[in-house]
Structure formats: C-alpha cells, structure tokens
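**Student:** sequence plus predicted model, see below.
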Amino acid sequence: MHRYDPARQRLALGLAGLAGLVDATGFVVAGGYFTSFMSGNTTRMGVELLERPGLALLPLGLIAFFLAGVIIGALVLRRVRGQHKRVLLGLVAGLLGAGAGLLLVGWPLSFLGLSAMAMGLANNVFSRDGEVTVGVTYMTGALVRFGQGIAAKLYGQQLSGSRGYGLLWSALALGAAAGGALCLVDPLVAASAGLMVAIMLWGFAFAVETESAAT
C-alpha cells in the first residue's frame, strides 16, 4: 500500500470494500460459502469431503471460478499494461452485472460463480511483474503487516511497509457489514449495490490512469 500514491491507495480501499460487500452477499446466498475468501472455502471443502462429500462440490466450484478469474485477469494484464486497472474493473463490473441478472431470474449458483470469478479478476488490479502487490479480497497478510507495524511502534520504531493495511482491513470489514445489511432487505439489492460500486471504481480507475498517461 505504501508504495502507491494516494489516488491508487483510495482505489485499493474501494476494491477491498467491494470485495467485502460481494463476499457477504455470496455468503448469504450460498448459505455459508464465500465468493472471495477462498481459504474459508478450502477449509469447508476439506471438512465436507469427509462428512458430506456431495456438499464439497459447491466450495470446489467457487474455488475453480475464482481461479479462472485470476488466470483471465493475469492474461488481460499482460495485454493491456498501462490501462489494465480500467479494463479489469470493467470486466469485474460486467461479471457482477451478469451475476445480478442471473440472481434476479432465479439462478443463484450462476450468480455465485460469476461473483467468484469477478473477485479473482479483481486481485490482478494491483500487480507488478506478474505478482500481486495488494491483495484486495483476502486480509490475513494485511492483518499480519498491520500487527507488525503496531509491534514496531511499541518498540519505538517505524515500519513503513505496514502503513495502510489497517485501513485496507477496515474497508473490507465495512463492505461486508454493508453487504450483510443490504441482504436483510434482499440479496438482489446487495448484488445490485456491488454492481454500482464496481462501476464507480471503474470510473475512478479510468480517471487515475488517464491522468497518469497525461503526465
């Protein structure tokens, strides 16, 4: 996070918030599975393989869609460097829009698959040399860096690499809370909100990359 300028940091926070919103919506629709938190799906898949093997197919499918999104996003990244943030976020918005439409017509599994694919794509938005620099859908690493920064401060030191990760976690948590609240109204409302947030982030990414190209 600390390596990026304020505009890109805000974009990362927005993406983390979107991931929380989409994950909370998927969690409600799927009855306890995730569209961005693949560690949770992996744990549930492992447990269910022994207890109820048939149920393991859902988390396995979500992992497969997420992985497909990561692969597609990485391929897109290599083709459109310098414009990849807007292109990837456009694809994320498209997938979330299609997913919301499928949820509307009563196809929740398709909604879950497309949402997971969108979150896989989103993890390529902040990449350098083929590696993710800011994970926006998983926060274990962010919490570790945040905790290391706190420990350094308690020891009277500054750890520059830990800056911003507490905010990143907070953004995901707030997004999840918003998604949960909207699901109390209707999961379709939450899914539509995810689409709107993705479109706004696409517009913001377009402005950021356009400004960078002009300077």
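**Tutor:** In hand now; what should we look at?
**Student:** touching, A19 and G120? I think so.
**Tutor:** No: contact between A19 and G120 fails when scored by C-beta atoms under 8 Å: they sit 10.8 Å apart. C-betas here are computed from N, CA, C, even on glycine.
**Student:** so R81 belongs to a helix, correct?
**Tutor:** No: in this structure, R81 is coil, not part of a helix, as judged by DSSP: H, G, I helix; E, B strand; the rest coil.
**Student:** what's the separation between it and G194?
**Tutor:** 27 Å (C-beta to C-beta, to the nearest Å).
**Student:** so those two - more neighbours on which side?
**Tutor:** When R81 is set against G194 and neighbours are counted by other C-beta atoms under 10 Å, the residue ahead is G194, at 32 against 9.
**Student:** for that one, which three-state class applies?
**Tutor:** Remark: G194 carries the secondary structure label helix [criterion: three-state DSSP].
**Student:** show me the contacts for it.
**Tutor:** Contacts of G194 were listed using C-beta atoms under 8 Å, 6 or more residues apart in numbering, and they are 18, 21-22, 25, 96, 100, 115, 179.
**Student:** for G14, same thing?
**Tutor:** Listed by C-beta under 8 Å, 6+ apart, the contact partners of G14 are 171, 197, 200-201, 204.
**Student:** please redo it, this time with the cut-off set to 10 Å
**Tutor:** By C-beta atoms under 10 Å, 6 or more residues apart in numbering, the contact list for G14 reads 89, 136, 171, 175, 197-198, 200-201, 204-205.
**Student:** likewise for F206?
**Tutor:** Contacts of F206 by C-beta under 10 Å, 6+ apart are 83, 85-87, 89-90.
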